[in-house]
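> this is a predicted model, with the sequence first.
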Amino acid sequence: LLAFFFHQYFRVYSPISFGKKTDPNGDYIRKYLPVLKNMPQKYIYEPWTAPQEIQMRARCIVGKDYPMPIVDHGVVSKQNIQKMKVAYENQANGISSNSKEKGNLKGVDPPTKRRRL
């Protein structure tokens, strides 16, 4: 139901910058993700950006010991904000998300099939 959407949909917190801001040393990450305990502070929130040599030294190879990112947060957060904006506009224009034309809301692309892992 669109009426229950968070009114500040444009605030999307990045898990990377939020972590850097609230726990710059990565203590929480190191405690609950022990595979990253040896990762240098510079790469603790983005281990996939660490050069291969650093990953080897930290004994955490991204793609083997730690998964690659599922999405590029910078890209998908912008897409999500745009979709939420359209949903709010549709609500303001009386277009219901519960209508038979639900899949054809103005400006919203149909969902894509998810890749199974």
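On my side now, so go ahead. What you see is a predicted model, and the numbers here were worked out from it, not measured in a lab.
> where does pLDDT dip in this protein?
1-12, 97-117 (pLDDT under 70).
> please redo it, this time with the cut-off set to 50
1-3, 100, 102-104 (pLDDT under 50).
> and the contacts of stretch 59-67?
33, 35, 36, 38, 39, 47, 48, 50, 52, 55, 68 (CB atoms under 8 Å, 6 or more residues apart in numbering). To be clear about C-beta, it is placed using only N, CA and C from the backbone, and glycine gets the same treatment.
> show me what counts as buried in it.
Buried residues in stretch 59-67, counted by 16 or more other CB atoms under 10 Å: 60, 62, 66.
> circling back to that earlier point, redo the contacts of stretch 59-67 as a markdown table? Include secondary structure, distance to residue 87 and neighbour count.
Output for the contacts of stretch 59-67, formatted as a markdown table (DSSP: H, G, I helix; E, B strand; the rest coil; distance: CB to CB, whole Å; neighbours: other CB atoms under 10 Å):
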| residue | secondary structure | distance to residue 87 | neighbour count |
| --- | --- | --- | --- |
| 33 | coil | 34 | 15 |
| 35 | helix | 38 | 15 |
| 36 | helix | 36 | 20 |
| 38 | coil | 43 | 14 |
| 39 | coil | 38 | 25 |
| 47 | helix | 34 | 24 |
| 48 | helix | 31 | 12 |
| 50 | coil | 37 | 20 |
| 52 | helix | 42 | 9 |
| 55 | helix | 40 | 22 |
| 68 | coil | 30 | 9 |
